[in-house]
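Trainee: All I have is the shape, not the residue letters:
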């Protein structure tokens, strides 16, 4: 087993891996004081091996641990979604924006029932 960094002190980080279940106990490192603060809760994520591999590769590309990567990405995404919902904003990816724009540009053919309703609403 690898030795723990000095800043970890007596704290432990646990990682439990089972075929399709990965339990990571998360800790937060304060860069200003280099002191270790234990996270207030644990998040358990179940991933298939391919998904786990992608997450691990992405974390490696950022030069962070898997738990730090998951924490940063998930928390940022959750904040973004909550903020958008509170502002009643619909966020679309570029591909979704293109698809939406194309749908708006295409003429629609009204059904007979829609035409009748329109005439009724106009008082015809």
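Mentor: Everything's here; your move. None of these values were measured; they are calculated from a predicted model.

Trainee: Show me where the chain dips below the pLDDT cut-off.
Mentor: Filtered on pLDDT under 70, the chain yields the residue ranges 1-39.

Trainee: Need phi/psi at residue 107.
Mentor: With angles defined as degrees, to the nearest 10, residue 107 sits at phi -70, psi 150.

Trainee: Tell me the spacing between it and residue 63.
Mentor: Distance of residue 107 to residue 63, given as Cβ to Cβ, to the nearest Å: 52 Å. All C-beta atoms are positioned from the backbone trio N, CA, C, and that covers glycine.

Trainee: The two: which is more packed in?
Mentor: Neighbour count, other Cβ atoms under 10 Å: between residue 107 and residue 63, residue 63 has more, with 8 against 4.

Trainee: What's the local residue count around residue 53?
Mentor: So residue 53, with other Cβ under 10 Å, has 11 neighbours.

Trainee: which element is the nearest residue to residue 92 once chain neighbours are set aside on?
Mentor: Spatially, and ignoring its direct neighbours in sequence, residue 92 is nearest to residue 100 (6.2 Å; Cβ to Cβ, 6 or more residues apart in numbering). In the assignment (DSSP states H and E), residue 100 maps to helix 94-105.

Trainee: following that helix, which helix or strand shows up next?
Mentor: From helix 94-105, the next helix or strand downstream (DSSP H and E) is helix 112-122.

Trainee: one step back: wait, the residue nearest to residue 92 sits on residue 91?
Mentor: No: if you go by Cβ atoms under 8 Å, residue 100 and residue 91 don't touch, sitting 11.7 Å apart.

Trainee: Could you measure from the residue nearest to residue 92 over to residue 40?
Mentor: 40 Å.
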